[in-house]
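Engineer: Sharing a model that was predicted from the sequence below.
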Amino acid sequence: MAGPPTSSDSKSRVLTTFLDHPTFSCAQCSAVIALQDELISKAFSGRDGRGFLMNSAVNLKMGRREDRALLTGVHTVADVFCMGCNDRMGWYYHKASDHSQKYKEGKYLLEREKLIKENNWKLDD
């Protein structure tokens, strides 16, 4: 999976194929956002409710980096937006000020309500 998106990613193509792996997709435009295998935890809080901590994500463009006071302290984060529809999907953790929160650095918090869980089940004929 790719590292953090950059502002220049806004002109990139939306990736669509993940070889039948279960994914999380944008609820607005159905662009694939992350593989379900990249899920670290469902026990996070986003801006609008529950959030998923993800190891990596795709098809996101990054907003401006800022220091934000979150439930677990001040973190340097950047909002991330779907490349398909520009909907705000959550944020990317650049830096955590508290040593106990360093594990979040380089990870994504994706808002549960912004995602659709795609299982890619196949039915026998």
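Structural biologist: Happy to help now that I have it.
Engineer: Helix, strand, or coil at the spatially closest residue to residue 60 that is not a sequence neighbour?
Structural biologist: In space, and not counting its chain neighbours, residue 60 is closest to residue 80: 4.2 Å by CB to CB, 6 or more residues apart in numbering. C-beta here means a position set from N, CA and C on the backbone, and glycine is covered the same way. Three-state call for residue 80 (DSSP: H, G, I helix; E, B strand; the rest coil): strand.
Engineer: Could I have the CA atoms of whatever helix or strand residue 33 lives in written out in PDB?
Structural biologist: Under the criterion of DSSP states H and E, residue 33 resides in strand 32-35. Taking Å, rounded to 0.1, in the frame of the first residue of the first chain, the C-alpha atoms of strand 32-35 are listed here in PDB:
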ATOM      1  CA  VAL A  32     -11.900   2.000  -2.800                       C
ATOM      2  CA  ILE A  33     -10.300   3.600   0.200                       C
ATOM      3  CA  ALA A  34      -8.600   0.700   2.000                       C
ATOM      4  CA  LEU A  35      -8.200  -3.100   2.200                       C
END
